[in-house]
Every structure is written in structure tokens, then in C-alpha cells.
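>>> predicted model and sequence below, questions to follow.
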Amino acid sequence: MDMPSIFENLSTQQISAERTKYHSFQVISLACYHVLITVSTCLISSKFFVTISALILVCRYRLWGIMRRFYIYPDRVERSDIYLSGPEARHLRTVLRLSVGEKVVLFDGTDNEYDARIVSFKSGRVDLRITATRSSSTEPQVKLTIAQALLKKRKMDGLVRQLTELGIHHWRPFIARRSIPRPTQAKNLAQTARWKTIATEAVKQCRRGSPPIISHPISFDDILVASKDDTVKVVLWERATEPLINRLPAPPLPGNQQILLMLGPEGGFSEAEIKAAKIEGFVTASLGPRILRAETAALTACVLVLHHLNDLG
């Protein structure tokens with residue numbers, strides 16, 4: 001396994017010491033994992049499993065000294081003394097069991113990050129003091145929008161998490177002709193709220209500076225209208241013959257250009273939908289000779305675009 005990128009600027013002696021620490025931790029983590037699985041299986045206790053998992057998580061970050069990331073509302077960052085409340089405060093205090101004086105990283109979803117130190121714990125909140133401010137350097141330069149037709153069950157949740165980690169700029173779900181889910185307005189609102197939470201959690205994990213824009217599910221016709229401002233519009237279609245890479249501009253991409261990839265549901269797009277998309281300026285593209293699952297296609301397309309434009313690898 002490669003060493004974490006945080007060691008890139010260390011001296012040879014420091015890297016050697018950290019490598020020994022790193023591999024020792026990997027062995028310990030693997031052993032703990034197997035013990036956890038064995039014991040929890042024997043006891044068949046979900047509460048026990050969760051408790052031990054939390055302890056391993058705490059030990060991991062204590063041993064490494066890695067500062068955890070927490071989301072803070074931008075309007076709270078008006079002075080150096082700030083606070084966390086709600087789920088973020090509970091996670092910091094109850095799950096991670098951090099102590100007064102320990103350091104954390106905060107991000108406000110607008111590409112700003114803050115180093116902070118825990119000052120005190122109060123009922124339902126954690127008081128912190130900001131010690132440093134900086135702009136995030138991990139946001140992609142490419143503004144990539146994924147327009148995904150609604151998929152069955154919780155596949156969309158997984159896509160939101162993984163696409164956020166990869167670096168998409170905008171998530172636009174829509175209802176295609178062959179989409180099986182037909183959510184009500186109330187369900188749409190609930191789904192959107194859940195996706196925003198998932199995206200924020202993914203940002204904390206992958207160290208992005210801000211989550212992607214999460215839109216409400218809309219109709220196929222509305223997704224075509226919403227694509228007016230996108231400069232490169234590609235619809236992935238299993239019957240297309242032109243590879244996706246050939247439909248993309250050569251890097252570097254001008255800052256004002258936005259790329260939109262539109263992907264269909266499990267049953268694919270209908271001929272009428274493809275025709276309507278072409279009228280609105282979309283071009284069709286293929287991901288190769290094999291038929292991919294809908295969720296696999298979305299991830300594959302995202303990786304290809306970001307890699308082609310020098311944002312991955």
C-alpha cells in the first residue's frame with residue numbers, strides 16, 4: 001500500500017520512521033478487524049459490534065494523530081471563537097471522544113478550511129477557537145455535472161457518495177421514460193436532503209473543500225432545459241459508436257466551460273429521448289463494447305473525464 005500523501009515533504013529519516021509506524025498500524029488494524037468480526041458473529045450483538053468499531057476508529061486517529069474534519073455553517077465563522085452543534089458535535093464528543101486542547105479541521109462548504117482547537121464542551125455544543133485559515137487546494141478545476149436518471153433502491157445514494165469523492169461539481173437526478181422509481185414531491189425532498197447529507201459526509205472523508213450542488217429530481221424535459229448553460233453535453237448510450245474521450249475537449253479546459261454527462265436508468269434511454277437530446281445539442285458517446293450496469297457507467301464516465309482533463313492520476 002502506498003504511503004499517505006501527507007508524508008511527501010518529510011525527510012528520509014522521518015519517512016522511514018513513519019513507514020514503520022504505518023505498517024505496524026496496518027497489521028494491528030487487520031488483526032483487530034478479524035477479532036471484531038469473529039467475536040461479533042459469535043455474540044450476534046449489533047450494539048457490541050458498533051461499540052468495538054467506534055473504539056477501533058478512535059484508536060486509529062489517536063495513533064496517527066490525524067486531525068478530523070467537521071462541517072461548520074459559513075455564517076458561524078465570523079470570529080475566531082466558534083462552536084459546533086447537532087450531529088457534528090455529537091460525533092466529535094461521543095464517537096471520537098476528542099478532548100479539550102485537541103486540534104481539528106473545519107470546512108464551511110465554500111472552499112475555506114480552518115484549523116481549530118477544542119476549547120470546551122457544553123450541553124449540545126463544542127466550543128472551538130480558530131488558529132489558522134486557508135483556501136482548499138483539493139477542489140477540481142473541471143466543472144463536471146452528472147445528470148443521472150433515477151435508479152432502483154439505494155443505488156443513487158452510493159453514486160452520490162462516490163461521485164462526490166471523485167470530484168463532480170453538480171448532481172442532477174431526473175426521471176427518464178424507463179426509470180422505475182416515480183417518487184412523490186415529498187419523497188423528492190426527502191431524497192434530496194439525504195443526498196446532501198451523504199455528500200457532506202463524503203467531503204469530510206475525501207478532504208474536498210465543498211460538496212457538489214445537489215438538485216431535486218426533475219423530468220427528462222426539464223433536464224434538457226437545465227442544460228442550456230453547459231458547453232459540452234454528452235449523453236452516454238449503449239448504441240453509440242464514438243468513444244467518450246473523442247467527445248471531450250483537449251486539456252487544459254477554459255475556466256468558463258462546463259461538462260455535462262447524462263446517463264440513463266437500468267433500461268437505458270428510449271430512441272425518442274436520444275432524439276430529443278440531440279436536438280438540444282447533446283452528442284452520444286460510448287463507454288466501450290461491454291454493457292455496464294447503470295451505476296458502473298456513471299463512475300466510469302466520471303473517471304474518464306477527470307483523468308482526460310488531468311484532474312486524476
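Structure received.
>>> buried set for the strand or helix carrying R129?
Assessed by DSSP states H and E, R129 sits inside strand 125-135. Residues of strand 125-135 classed as buried: V126, D127, L128, I130 (neighbour count, 16 or more other CB atoms under 10 Å). Any C-beta I mention is one placed from the backbone N, CA and C, and that applies to glycine too.
>>> export those to a markdown table and tack on pLDDT and distance to R207?
Formatted as a markdown table, the buried residues of strand 125-135 follow (pLDDT from 0 to 100; distance: CB to CB, whole Å):
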| residue | pLDDT | distance to R207 |
| --- | --- | --- |
| V126 | 94 | 21 |
| D127 | 94 | 24 |
| L128 | 94 | 19 |
| I130 | 93 | 18 |
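>>> give me the below-cutoff pLDDT ranges for this protein.
Counting by pLDDT under 70, the chain contains low-confidence ranges at 1-66.
>>> quickly find the element holding L98.
Counting by DSSP H and E, no helix or strand carries L98.
>>> just to check, it is in contact with L84?
No: using CB atoms under 8 Å, L98 makes no contact with L84, being 10.8 Å away.
>>> what touches both of the two?
L92 (CB atoms under 8 Å, 6 or more residues apart in numbering).
>>> okay, the two: which has more neighbours?
L84 (25 against 20; other CB atoms under 10 Å).
>>> name the helix or strand for that one, please.
With DSSP H and E as the criterion, the answer for L84 is strand 81-85.
>>> over to E88?
Assigned by DSSP H and E, E88 falls in helix 86-90.
>>> what comes up buried for that helix?
By 16+ other CB under 10 Å, the buried positions in helix 86-90 come out as E88, A89.
>>> what's in contact with that helix?
F70, Y71, I72, Y83, G124, R125, V126.
>>> for E266, state which of the buried residues of strand 125-135 is nearest.
V126 (43.7 Å; CB to CB).
>>> any idea how far A193 lies from I214?
Distance, A193 to I214, by CB to CB, to the nearest Å: 9 Å.
>>> show me which of these two is the more surrounded one.
In terms of neighbours (other CB under 10 Å), I214 is the more surrounded of A193 and I214; the figures are 21 against 11.
>>> right, and the more buried one touches H169 too?
No: here I214 lies out of contact with H169, judged by CB under 8 Å, at a distance of 11.1 Å.
>>> closest to K233 out of the contacts of helix 86-90?
Y71 (31.9 Å).
>>> tally up the residues packed near that closest one, please.
When neighbours are counted by other CB under 10 Å, Y71 comes out with 17.
>>> excluding its backbone neighbours, what's nearest A277?
V235 (4.8 Å; CB to CB, 6 or more residues apart in numbering).
>>> neighbours of the closest residue to G288 other than its chain neighbours, how many?
Once flanking residues are discounted, G288 sits nearest to P243: 7.6 Å by CB to CB, 6+ apart. P243 has 13 neighbours, counted by other CB under 10 Å.
>>> the one 10 residues further on now?
Neighbour count for L253, taken as other CB under 10 Å: 22.
>>> give the phi and psi angles for it, as a check.
In terms of degrees, to the nearest 10, the main-chain angles of L253 are phi -90, psi 130.
>>> ok, it touching L309?
Yes: using CB under 8 Å, L253 makes contact with L309 at a distance of 5.5 Å.
>>> and for those two, which residues touch both?
Contacts common to L253 and L309, judged by CB under 8 Å, 6+ apart, are Q141, V142.
>>> follow-up on the earlier one: what does the strand holding R129 contact?
77, 80-85, 89, 92-93, 103-104, 106, 111-121, 209.
>>> much appreciated, bye for now.
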